[in-house]
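1. okay, predicted coordinates and the sequence, questions at the end:
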Amino acid sequence: MPTVLVLNSGSSSLKYQLVDPGSGTALAGGIVERIGEDTGRVRHETRGQEVVRERPVADHGTALRLVLELFEEAGPSLREAGIVAVGHRVVHGGTSFSAPVVVDDDVVAAVRALIPLAPLHNPANVTGIEVARELLDVPHVAVFDTAFFADLPPAAATYAIDAKTAAEHGVRRYGFHGTSHQFVSSAVAIHPAVTAKLAAEGRDPRTLRQVVLHLGNGASASAVLGGRAVETSMGLTPLEGLVMGTRSGDVDPGIVFHLLRSGGLTVDDVDTLLNKRSGLLGLGGVNDMRELTRLVAAGDDAARLALDVYLHRLRKYVGAYAAVLGGIDVLTFTAGVGENAAVVRAGAVDGLGFLGLAVDPARNAARSREARVISPGPDAADTADTARPRPGAAAPALVMVVPTNEELAIARQTIALTG
Ligand SMILES: Nc1ncnc2c1ncn2[C@@H]1O[C@H](COP(=O)(O)OP(=O)(O)O)[C@@H](O)[C@H]1O
Ligand SMILES: CC(=O)OP(=O)(O)O
Ligand SMILES: [Mg+2]
């Protein structure tokens, strides 16, 4: 049973999972948090058992050594689990990478060269790769968050700023969370309810119009036409687009100049403001959607406004992407918020009946780890008979919840290159 260790190195954390790409199961996984701070913490999970260690973790090298120790102590032993490769999530691939690559010194140098474009993410990715290559003598593969969007149509990828300046500095829309958008949109395309809908409408799968909402701490939307990404909400950096846990998403760039010139803030202050002190946290005081919805239920006005701004932005993007695609066949929610927060899903499609979008309250409230349809209408199994649109009526869109699994996607892409 060949397995892949998947590493996701953040600025102060290291998330990992040991995946069996054949069966799709995670044999173990965990997170090292607060790397570089006085109080670090490791949580390692395997076979339903959890091991937690609190201790300072100086750097990513120490973090990975600690993880390898835990695999030996708490299991499963990496050797016995048949580890054949390591897959690394790399956030920014720039225009250099449009597909996963086997890591060599040139790849590391190229990822390092992209640091100016992703100062918050790529430094940790480089360190993670360097340390892991030192400690684990197997092939390493880099899987890029930007890859799925490398081929965005020029009209979607281009900012309307002076072309020469943009080209000189690599300023374009790159898009992120691509591994998730690709994994989820591929799962949607082969879901029985979706294939039945297309069959009933006599349509080619290449005409399937999807919108995917990846709503985690970071959040992004994508428009996917027949498997190809044609639009996405994150841009040069993962700051643009939707309202996120701590990031503002779209703002008027004039705000930045105003705060620099008249507000007495430095460039770093504004960077921290928009990336770490904005979004749900900045408006509602908490970045966790569970806590935010609790505050809303308790009548907290600031939390209510935060949720309203979040949902308004979502509806705006869904409407815009309906225009980009010429209509929506399937709208899919994924990631921590998208998979779990029924109130967000209901709010995001509220008033979008004119696009054929609606959720069935009972289906929306149900909990499941499986991909599922939450729009009204017949069950997936008998959709083929009844999904035929009435003459003159637009076919209703499907609204779905599909759990993402970036680790499995990375493990599969890693095996495909090394196996
Ligand atoms: N049951 C739940 N209800 C509402 N929100 C949830 C629930 N479970 C997780 N979330 C939210 O999901 C978000 C984290 O999503 P996740 O995809 O794990 O983030 P990331 O991978 O970007 O760190 C948090 O805002 C958290 O509150
Ligand atoms: C690119 C990005 O936003 O990633 P995350 O959601 O993991 O912060
Ligand atoms: Mg995630």
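-> Received the coordinates, thanks. Ligands and ions are numbered 1, 2, ... in the order given.

2. who touches Leu352 in this structure?
-> Neighbour list for Leu352: 315, 318-319, 358 [criterion: CB atoms under 8 Å, 6 or more residues apart in numbering]. Every residue, glycine included, has its C-beta placed from N, CA and C.

3. same deal with Gln17?
-> Gln17 touches 5-6, 26, 28-29, 407, 411, counting by CB under 8 Å, 6+ apart.

4. ok, and the closest non-adjacent residue to it?
-> Gly29 (3.7 Å; CB to CB, 6 or more residues apart in numbering).

5. ok, the one you found - how many residues close by?
-> Using other CB atoms under 10 Å, Gly29 has 18 other residues around it.

6. mind checking what secondary structure it has?
-> Classification of Gly29 using DSSP: H, G, I helix; E, B strand; the rest coil returns strand.

7. which of the residues in stretch 290-303 are buried?
-> Neighbour-count burial for stretch 290-303 flags 292-293, 295-296, 300, 303 (criterion: 16 or more other CB atoms under 10 Å).

8. from the residues you listed, which two are the most distant?
-> Thr293 and Asp300 (10.3 Å; CB to CB).

9. quick check: bridge partners of the residue of the stretch 1-150 of the chain found nearest ligand 1?
-> Residue of the stretch 1-150 of the chain nearest ligand 1, by CB to the nearest ligand atom: Lys15 (8.0 Å). Legend: beta-bridge partners of Lys15 under DSSP bridges are Asn8, Ile31.

10. now it: how far from ligand 2?
-> Per CB to the nearest ligand atom, to the nearest Å, Lys15 is found 9 Å from ligand 2.

11. hang on, the earlier thing: does the residue nearest to Gln17 really touch Glu406, like I thought?
-> No. The pair Gly29 / Glu406 is not scored as a contact, 11.8 Å apart, by CB atoms under 8 Å.

12. and the two most separated of the contacts of Leu352?
-> Gly319 and Ala358 (14.6 Å).

13. for the chain, what lies in contact range of ligand 1?
-> Selection of the chain residues close to ligand 1 by CB under 6 Å from any ligand atom yields 216-218, 245, 288-290, 335-337, 340-341.

14. out of the residues you listed, who has the most neighbours?
-> Counting neighbours by other CB under 10 Å, Val337 comes out on top of the residues of the chain next to ligand 1 with 26 neighbours.

15. what residues are up against that residue?
-> Per CB under 8 Å, 6+ apart, neighbours of Val337: 215-216, 219, 289, 344.

16. pipe those residues into JSON lines and attach distance to His169 per row.
-> Output for the contacts of Val337, formatted as JSON lines (distance: CB to CB, whole Å):
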{"residue": "Leu215", "distance to His169": "30"}
{"residue": "Gly216", "distance to His169": "29"}
{"residue": "Ala219", "distance to His169": "26"}
{"residue": "Met289", "distance to His169": "35"}
{"residue": "Val344", "distance to His169": "36"}
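
17. low-confidence ranges, this protein, go.
-> 379-395 (pLDDT under 70).

18. in it, what residue is nearest ligand 1?
-> Gly336 (2.0 Å).

19. kindly provide the distance from that residue to Gly279.
-> Distance of Gly336 to Gly279, given as CB to CB, to the nearest Å: 14 Å.

20. I figured Val270 hits Leu260, correct?
-> Yes. The pair Val270 / Leu260 is scored as a contact, 6.5 Å apart, by CB under 8 Å.

21. quick one, which of those two is more surrounded?
-> More neighbours surround Val270 than the other of Val270 and Leu260, with 17 against 14 (other CB under 10 Å).

22. now do the contacts for that one.
-> Contacts of Val270 (CB under 8 Å, 6+ apart): 256, 259-260.

23. nearest to Asp250, of these?
-> The closest of those, once distances to Asp250 are taken by CB to CB, is Val256, at 12.6 Å.

24. doesn't that closest one fall inside a strand?
-> No. Secondary structure of Val256 (three-state DSSP): helix, not part of a strand.

25. chain neighbours aside, what residue packs nearest to it?
-> Nearest one to Val256, counting by CB to CB, 6+ apart, is Val270 at 5.6 Å.

26. helix, strand, or coil at the one you found?
-> helix.

27. quick one: it and ligand 2, what's the gap?
-> 18 Å.

28. repeat for Leu5
-> From Leu5 to ligand 2 the distance is 18 Å (CB to the nearest ligand atom).

29. confirm that residue sits in a strand?
-> Yes. Leu5 sits within a strand when classified using three-state DSSP.

30. make sure it is actually in contact with Arg79.
-> No. The pair Leu5 / Arg79 is not scored as a contact, 11.8 Å apart, by CB under 8 Å.

31. quick one: which of the two has more around it?
-> Taking other CB under 10 Å, Leu5 and Arg79 do not tie; Leu5 has more neighbours (30 against 9).

32. who's in contact with that one?
-> Contacts of Leu5 (CB under 8 Å, 6+ apart): 16-19, 78, 83, 85-87, 136.

33. leaving out chain neighbours, which residue sits closest to it?
-> Nearest one to Leu5, counting by CB to CB, 6+ apart, is Val86 at 4.9 Å.

34. can you tell me the SS state at the one you found?
-> Assigned by three-state DSSP, the conformation of Val86 is strand.

35. what sits against the closest residue to His140 other than its chain neighbours?
-> Leaving aside its chain neighbours, His140 sits nearest to Val103 (4.1 Å; criterion: CB to CB, 6+ apart). Residues in contact with Val103, defined by CB under 8 Å, 6+ apart, are 88, 129, 133, 139-142.

36. quickly note the distance from Val103 to Ile410.
-> For Val103, the distance to Ile410 - CB to CB - is 13 Å.

37. mutual contacts of those two, please.
-> Contacts common to Val103 and Ile410, judged by CB under 8 Å, 6+ apart, are 88, 141.

38. that older thread, so which of the buried residues of stretch 290-303 belong to strands?
-> The members of the buried residues of stretch 290-303 all map outside strands under DSSP state E.

39. now those residues in TSV, with distance to ligand 2?
-> Shown next, in TSV, are the buried residues of stretch 290-303 (distance: CB to the nearest ligand atom, whole Å):
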residue	distance to ligand 2
Leu292	17
Thr293	20
Leu295	22
Val296	23
Asp300	25
Ala303	22
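
40. helices of the stretch 51-200 of the chain, start to end?
-> Per DSSP state H, counting those that start in this stretch, the stretch 51-200 of the chain carries helices over the ranges 60-74, 105-113, 122-135, 154-157, 163-169, 178-189, 192-200.

41. list the contacts for the residue most central in space within the chain?
-> In the chain, the residue lying closest to the centroid (CA atoms, centre = their mean) is His177, at 3.7 Å. Counting by CB under 8 Å, 6+ apart, His177 makes contact with 145, 214, 216, 218, 220, 222, 234, 238, 335.
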